[in-house]
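*Asks:* Quick check, what structure comes out for this input:
(2 chains)
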Amino acid sequence: MRAFRRIVLYGALALAALTFIYPFLWMASSTFKPPVEVGSLALIPADPTLDNYRTMWARAPFGRALLNSVLVATTITLAVLVFGSMTAYAMARLQFRGRPALNAITLAVLLVPGQLTLIPLYTLIVQLGWIDTYAALIVPYLFNATAILMLRQFFLQIPQSLIDAARMDGMSELRILFTIFWPLSKPVLSIVAIFTFMGSWNEVLWPLLVVREQSLMTLPQLLTVFALGGGAGTVGVSLAAAMVLVVPVVIAYMFLQRNFIESMAGAGIKG
Amino acid sequence: MRAEQRSGSLLAAPYAVFLLIFAAYPILFAVVLIFMQWDLVTAPSFAGFDNIRLLANDGRFWRAVGNTFVFLSIHVPLQIATALGLALALNRQLVLRSFWRAAFFLPVVISGAVVAILWSNLYATDVGLINKLLLKIGLSPVPWLTDPLTAMPAIAAMVTWKNVGFYVIIYLAGLQYIPKSCQEAIEIEGASSWQRFRYLTAPILLPQTILVITLSTINGFQLFIEPYVMTGGGPLRRTYSVVLYLYTNAFSYQKMGYAATIGVALALIIGIVVLIQRRVIGKAEAA
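*Replies:* So this is what the prediction gives:
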């Protein structure tokens, strides 16, 4: 009876896991299939080809989009880590006027749905003349309230004696932050880094609003425009384009599974 | 002390400036835009209550709100059931436990645009994998995304699939709080597994369930890329979402005042719906 229940449990789990993994495997294999084969359920192409990738690469600037996405997501992640730490350090460990207000406002900002500020932010970008610039994609994301609150929470737990000793040695606050706090804060820094990078990497609505020039589009945006505009032509080609976006993420995910789950689940709950 | 004051203000100042420009100003300006007409080319003009009046009588807007409720009525219960089921299955001694967890979480890390493109192909009427499977077991194919009746449920099922791993993690965290002694006591009392679930597990997981309801509701109101990519809001506008309508008004019609009005209305609707949900759950809990 127990053995039977085990078998049912594992059978059900395997079936469930298959519904989560199979679609992605089918997607990956379809990109190596000629158009006549795409409709088949088989995962091994009978007549493998690289044509889908060649067509995709030739029809739209996916290489450039990949560079744009890497540039935008990396810049935002570094900014959120560095500027966010500076802010969080001040909010956690330094006395200054306006600190309680800044804490309260940061919490309040998290409650405002993005749709409310979407259009006013868009008109602001238009007025700044930032349409079709990297600035439009990066500057509104330089600080992140969720990240600041997470870092602040972590910084609050670091013993005051470390700060006092460092100050006696004449260290500046910035040096204390980056040479004493940062090495102690690796877990929270990696959590913030992953959800910030992933959020930026997958974001599509904001780029759709502020970028029209193909050469400045990020990957998810170019992919969307490419698939919708009929530029792809066939299923295999549009899925090949999707692979450019997915492969780096899946590779990172395979190595850093635990960190990804902790980070993205944690940010979603707090944010 | 003076030095600490100074470095504190200095370190916090850039963030304060950022908040003023990218949070405070847009929130205030959203309220101003409600009373404006602006196409971004000519100067903005005062429009009084025109936008609000238009919104109140805009069948397309209310259709989008209605569509969202159709989406939520399928998505939220389905999300709770699937996440809870998978979490309960994972919450025991298992071979490959972290593999199963990672498999369920995989779609969470994948871009929504990719998932939408992938599933348009899975749902395709003639060549889609789902219909191929249906044919194999002797059922007739369903025009998932082109039938007004099935399009929104199909999208709701897909979003549930994409997000379930995230909610599984929430439930797994909640399951850690069930004390071993309670578990043993209720087993000694001879409770059936349904009774164990009904009187021990479900009540303990109530906070997690409330969180799942709130987050999946908020997420549902933000539906955009899925209809944008998969259906364009059709068929018969049955998958048109509020954010898609907002985007169309801003980007295609250049109506900034009206688009901002939709944004503010959406924020209010989200707030009201979440508050009502909490009230209802609170009452049910007290009863």
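
*Asks:* Spatially central residue in chain A, please.
*Replies:* Closest residue to the average C-alpha location of chain A: residue A:198 at 1.2 Å, with C-alpha atoms, centre = their mean.

*Asks:* Return the residues in contact with it.
*Replies:* A:249, A:260, A:263, A:264, B:109 (C-beta atoms under 8 Å, 6 or more residues apart in numbering or on different chains). Glycine gets a C-beta too; all of them are placed from N, C-alpha and C.

*Asks:* Tell me which two in those are the farthest apart.
*Replies:* Based on C-beta to C-beta, the longest span within the contacts of residue A:198 runs between A:249 and A:263 and measures 13.0 Å.

*Asks:* which one of the two has more residues nearby?
*Replies:* residue A:263 (24 against 19; other C-beta atoms under 10 Å in any protein chain shown).

*Asks:* mind listing what the residue nearest to the more buried one when sequence neighbours are not counted touches?
*Replies:* Among residues not flanking residue A:263 along the chain, residue A:194 sits closest, at 3.8 Å (C-beta to C-beta, 6 or more residues apart in numbering or on different chains). The contact partners of residue A:194, taken as C-beta under 8 Å, 6+ apart, are A:256, A:259, A:260, A:263, A:264.

*Asks:* in the stretch 1-150 of chain B, which segments are predicted with low confidence?
*Replies:* B:1 (pLDDT under 70).

*Asks:* what about 50?
*Replies:* Scanning the stretch 1-150 of chain B for pLDDT under 50 picks out no residues.

*Asks:* all strands for it, in order.
*Replies:* In the stretch 1-150 of chain B, the segments counted as strands under DSSP state E, counting those that start in this stretch are B:36-37, B:45-46.

*Asks:* Quick one: these as TSV, columns for mean neighbour count too.
*Replies:* Compiled in TSV, the strands of the stretch 1-150 of chain B are given as follows (neighbours: other C-beta atoms under 10 Å in any protein chain shown):
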stretch	mean neighbour count
strand B:36-37	18
strand B:45-46	10
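
*Asks:* any chance of those in JSON lines, plus distance to chain A?
*Replies:* Converted to JSON lines, these look like this (distance: least, C-beta to the nearest C-beta, whole Å):
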{"stretch": "strand B:36-37", "distance to chain A": "10"}
{"stretch": "strand B:45-46", "distance to chain A": "14"}
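
*Asks:* among those, which is nearest residue B:197?
*Replies:* Closest among these, once you apply C-beta to C-beta, is strand B:36-37, at 54.3 Å.

*Asks:* my guess is residue B:224 contacts residue A:208, does it?
*Replies:* No: with contact defined as C-beta atoms under 8 Å, residue B:224 does not count as touching residue A:208 (9.1 Å).

*Asks:* if we can go back for a sec, just the buried positions in the helix or strand harbouring the residue nearest to the centre of chain A, please.
*Replies:* Using DSSP states H and E, residue A:198 sits in helix A:186-202. By neighbour count with 16 or more other C-beta atoms under 10 Å in any protein chain shown, helix A:186-202 contains the buried residues A:188-202.

*Asks:* likewise stretch B:51-63?
*Replies:* Quick answer for stretch B:51-63 (16+ other C-beta under 10 Å): B:51, B:52, B:55, B:58, B:61, B:63.

*Asks:* Spit out the contact partners of the third one.
*Replies:* With contacts defined as C-beta under 8 Å, 6+ apart, the neighbours of residue B:55 are B:61, B:258, B:261, B:262, B:265.

*Asks:* Adding secondary structure and distance to residue A:152, write those out as a markdown table.
*Replies:* Listed next are these as a markdown table, based on DSSP: H, G, I helix; E, B strand; the rest coil; distance: C-beta to C-beta, whole Å:
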| residue | secondary structure | distance to residue A:152 |
| --- | --- | --- |
| B:61 | helix | 39 |
| B:258 | helix | 39 |
| B:261 | helix | 35 |
| B:262 | helix | 34 |
| B:265 | helix | 33 |
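
*Asks:* Filter the residues you listed down to the buried ones, ChimeraX style.
*Replies:* Typed into ChimeraX, the line below selects the buried ones among these, using 16+ other C-beta under 10 Å:
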select /B:61,258,261,262,265
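
*Asks:* Show me which of the contacts of residue B:55 is closest to residue A:218.
*Replies:* residue B:262 (25.0 Å).

*Asks:* quick one: what helix or strand has the closest residue in space to that closest one that isn't next to it in sequence in it?
*Replies:* With C-beta to C-beta, 6+ apart as the criterion, residue B:262 has its nearest non-adjacent residue at 4.4 Å, and that residue is residue B:246. Assigned by DSSP H and E, residue B:246 belongs to helix B:242-247.
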